[in-house]
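Enquirer: Here is a sequence with its predicted model. Questions after.
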Amino acid sequence: MEANWLTFYVFEAQGRSQLDLATVNHFNLPDETQGTQADFFWAVGAPSPFPFFRDPQGKNVQVLQVVYAGLGLSPNKRDIFLKLLRQVRLR
């Protein structure tokens, strides 16, 4: 994904089952999260174009990581995560 002159590589791990009471209790989650599904994301980003190889001239290129986990009745939180990535900017 590209946004704000940054290129992100996004990785997703989608929960395949609903959270049961034992899992909710183990992670100290609110009781109302029982029955929801987890969706986990990790994005690695850098100024576009993403540095695919070692470049002595670009040794100070900033590389950033963004991590997000969401719970909900629907297992797909990709749109939410991509919306968050569009707000990331380098200073």
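Expert: Perfect, thanks for sending it. All values derive from a computational prediction rather than experimental measurement. Numbering: from 1, shown residues only.
Enquirer: Okay, now the unreliable bits of the chain?
Expert: Counting by pLDDT under 70, the chain contains low-confidence ranges at 58.
Enquirer: which element is the most centrally placed residue in it on?
Expert: Within the chain, one residue has its C-alpha closest to the average C-alpha position: by C-alpha atoms, centre = their mean, that is residue 41, at 2.9 Å. For residue 41, the element it lies in under DSSP states H and E is strand 37-47.
Enquirer: Given that strand, what are its sheet partners and their directions?
Expert: Using DSSP bridges, strand 37-47 pairs in its sheet with strand 6-14 (antiparallel), strand 64-72 (antiparallel).
Enquirer: Figure out how far it is from the centre of its chain.
Expert: The chain centre lies 2 Å from the centre of strand 37-47; the measure is C-alpha atoms, centre = their mean, to the nearest Å.
Enquirer: what's in contact with it?
Expert: 1, 5-19, 61-78, 81, 85, 88, 90 (C-beta atoms under 8 Å, 6 or more residues apart in numbering). For the C-beta atoms, the positions are set from N, CA and C on the backbone; glycine is no exception.
Enquirer: How about stretch 14-31?
Expert: Residues external to stretch 14-31 that are found in contact with it (C-beta under 8 Å, 6+ apart): 33-40, 71, 75-76.
Enquirer: Any buried residues in the helix ranked longest in the chain, and which?
Expert: Longest helix in the chain, counting residues (DSSP state H): helix 78-85. Applying a neighbour-count criterion of 16 or more other C-beta atoms under 10 Å, one finds 81, 85 buried in helix 78-85.
Enquirer: by how many degrees do that helix and strand 6-14 diverge?
Expert: An angle of 150 degrees separates the directions of helix 78-85 and strand 6-14 when computed by axes from the mean of the first three to the mean of the last three C-alpha atoms, to 10 degrees.
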